[in-house]
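1. Build me a model:
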Amino acid sequence: MRDRLLGIGAITITSLLWGTTGTAATFAPEAGPLAIGAASLGIGGLLQAVIAVLALRAARTSLRSHRRLIMLGALAMAIYPLAFYSSMHHAGVAIGSVVSLASAPLASGILERIIDRRRLSAWWMIAAGLGILGSVLLCLSKMNGPAAATVPTAVGIALGLIAGITYATYSWVVHRLMTQGISRSASMGAVFGCGGLLLMPVLLLTGAPLIASTEALLVAGYMALLPMFLGYVLFGFGLTRVSPSTATTVTLTEPAVATILAVVIVGEQLGLLGWVGLGIIAAVLLILALAPTNSTGPAGAAPPPHGSEQPTTSALTPQHR
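-> Take a look at the predicted model:
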């Protein structure tokens, strides 16, 4: 239980940091969402690789044997910030964050069920279902505006779904690498380093406005170093103690934080349904902290190698379920 709570705590701090990114981006309006996304997760991803150099060297043979899996994760990681920030640009900070993060737990659960063939526990289904309900209420509270905003909102929701799917995909890839005996640092460094490289051409093409003013440069630096670099260090730590489906469900804290900041700082409006949605998301975190909400492993699954940095999935170890 101690390891589980540490994992949930680390991912909760991560999601609090991530929740500030949409509001931070509004302080650099001259920079487009592609530039913001490429700078934040591109630079943050490369920094992940830098601090993992020794681990990457030690695991280079194992990483080569999983290169296709790594490239899948890197591609998903490169698409995620572009879709995520574009979603917030079109639909607003609150809806963009909500749709992106609310769709991720469902996508994670489906990946684990279809590919890993894990049985999703009833507690996870309850937590994910409540989280999605709370997020839908947040969306509905924002859909009462003028009809002219409907098309951009719909585009933003579609981009948010893409962000949620890609976020779930690279989370699953990192976790899968760790369960194959590759250390946390090497798994995160490989996926995020390759993803960061894929984002560099986008940053070169769109990033000029980020250096046009001190404020924009500070925004880019903040998002690259704190939410993305430090946030993903904590996220990787959490993934060694909980499954991807639980991790992505915990990060439903992010849209709640993003919504509150959007209302208080950006000036977006939130109705009664939205506040009910926030309350439901808070209940999800309570369920995750007290109950085994992620999936259990398939019967007869072999245990992971000793000495590797990943959680077990045995039904006999509830602290890791």
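
2. which stretches of the stretch 151-300 of the chain aren't confidently modelled?
-> 285, 288-300 (pLDDT under 70).

3. Next, please give the residue ranges for the strands of it.
-> Along the stretch 151-300 of the chain, no segments are classed as strands by DSSP state E, counting those that start in this stretch.

4. Tell me which residues are up against stretch 48-57.
-> When contacts are defined by C-beta atoms under 8 Å, 6 or more residues apart in numbering, stretch 48-57 is touched by residues 63, 183, 185-186, 188-190, 192-193, 196, 229, 232-233. Every C-beta, even on glycine, is put in place using the N, C-alpha and C of the backbone.

5. In those, find the pair that's most separated.
-> Maximum pairwise distance in the contacts of stretch 48-57, criterion C-beta to C-beta, is 20.9 Å, between Leu63 and Phe229.

6. Which helix runs longest in the chain?
-> helix 150-179 (DSSP state H).

7. Provide a list of residues in contact with the closest residue to Leu272 other than its chain neighbours.
-> Excluding the flanking residues, the one nearest Leu272 by C-beta to C-beta, 6 or more residues apart in numbering is Ser141, at 7.3 Å. Contacts for Ser141 (C-beta under 8 Å, 6+ apart) come out as 270-275, 277.

8. what's the answer for Gly195, then?
-> If you count contacts by C-beta under 8 Å, 6+ apart, Gly195 has them with 41-42, 45, 73-78, 170.

9. From Met228, how far out is it?
-> Computed as C-beta to C-beta, to the nearest Å, the Gly195 to Met228 distance reads 11 Å.

10. Now do the shared contacts for the two.
-> Common neighbours of Gly195 and Met228 (criterion: C-beta under 8 Å, 6+ apart): 41, 45.

11. quick one: Cys194 and Gly129, what's the gap?
-> Distance, Cys194 to Gly129, using C-beta to C-beta: 34 Å.

12. May I see the contacts of Ser141 arranged in JSON lines, with neighbour count as well?
-> Shown next, in JSON lines, are the contacts of Ser141 (neighbours: other C-beta atoms under 10 Å):
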{"residue": "Leu270", "neighbour count": "18"}
{"residue": "Gly271", "neighbour count": "15"}
{"residue": "Leu272", "neighbour count": "9"}
{"residue": "Leu273", "neighbour count": "18"}
{"residue": "Gly274", "neighbour count": "24"}
{"residue": "Trp275", "neighbour count": "15"}
{"residue": "Gly277", "neighbour count": "28"}
